[in-house]
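Trainee: Provide a 3D model corresponding to the input given below.
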Amino acid sequence: MTPQEQVLDWLRDAHAMEEQAEQMLTAQASRLERYGPLKARIEQHISETRRQADQVKACIERLGGSTSTMKDLSAKTMAFFQGMSGAFVSDEVVKGVLASYTFEHMEIASYRTLVAAADALGDHETKRVCEGICKEEEAMAGWLHDHMGGITTQFLQCTEAPDATAKR
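Mentor: Next up, the predicted model:
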């Protein structure tokens with residue numbers, strides 16, 4: 001595999017990752033009832049994620065490639081089961097925040113890798129796109145970091161109320 005073919009493959013991975021993120025976040029947001037600021041931030045990030053997928057796809061196409069139906073389908077299938085698993089646990093909101101925080105860091109690492117690879121190939125446009133996406137992923141991870149404690153505290157307070165559903 002040539003360096004450009006490798007970067008194309010990593011871009012396909014990134015596109016599949018964004019497809020997975022969109023489905024996972026959409027499932028999570030659809031079930032949130034008591035955590036308004038979290039739901040709003042997730043919905044904002046869903047819009048960012050859709051745009052990011054389009055930007056990555058444009059990079060792939062500009063380099064003469066196409067997205068991978070198999071990778072996208074695999075990612076969406078995995079996201080479906082991840083999204084459904086939250087419905088069966090009593091602390092869904094806390095586990096969802098943990099999973100999202102972890103996923104954001106995987107995305108950050110992926111885009112930092114792509115920035116370095118695009119720079120090594122002299123592909124300034126892919127580098128610029130991936131830097132921009134990385135900043136959005138860092139912002140989401142930062143938001144989750146800053147609000148994780150408050151969400152956890154709110155969850156615990158809701159568990160004390162006799163008729164409250166804390167999990168979402």
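
Trainee: In the chain, what helix or strand scores lowest on average pLDDT?
Mentor: helix 69-85 (a mean of 60; mean pLDDT, DSSP states H and E).

Trainee: Run a quick neighbour tally on residue 39.
Mentor: Neighbour count for residue 39, taken as other C-beta atoms under 10 Å: 18. All C-beta atoms are positioned from the backbone trio N, CA, C, and that covers glycine.

Trainee: swap in residue 114?
Mentor: Residue 114: 25 neighbours (other C-beta under 10 Å).

Trainee: contacting residues around it?
Mentor: 7, 10, 11, 14, 126, 127, 130 (C-beta atoms under 8 Å, 6 or more residues apart in numbering).

Trainee: likewise residue 141?
Mentor: Here residue 141 is in contact with 101, 104, 105, 108 (C-beta under 8 Å, 6+ apart).

Trainee: Now do the same for residue 67: its pLDDT.
Mentor: Per-residue pLDDT puts residue 67 at 80.

Trainee: Residue 28 reaches residue 94, doesn't it?
Mentor: No: the pair residue 28 / residue 94 is not scored as a contact, 11.9 Å apart, by C-beta atoms under 8 Å.

Trainee: Compare the two (neighbour count), which wins?
Mentor: Neighbour count, other C-beta under 10 Å: between residue 28 and residue 94, residue 28 has more, with 24 against 18.

Trainee: Can you point out the buried residues in the biggest helix by length in the chain?
Mentor: Scanning the chain for the longest helix, with DSSP state H as the assignment, gives helix 124-160. Buried residues in helix 124-160, counted by 16 or more other C-beta atoms under 10 Å: 126-127, 129-130, 133-134, 136-138, 140-141, 143-144, 147-148, 151, 154-155, 158.

Trainee: Centre-most residue in the protein?
Mentor: With distances taken as C-alpha atoms, centre = their mean, the chain has residue 21 as the residue nearest its mean C-alpha position (3.8 Å).

Trainee: element containing it?
Mentor: helix 3-31 (DSSP states H and E).

Trainee: and that helix, what does it pack onto?
Mentor: helix 36-62, helix 69-85, helix 92-121, helix 124-160 (3 or more C-beta pairs under 8 Å, 6 or more residues apart in numbering; DSSP states H and E).
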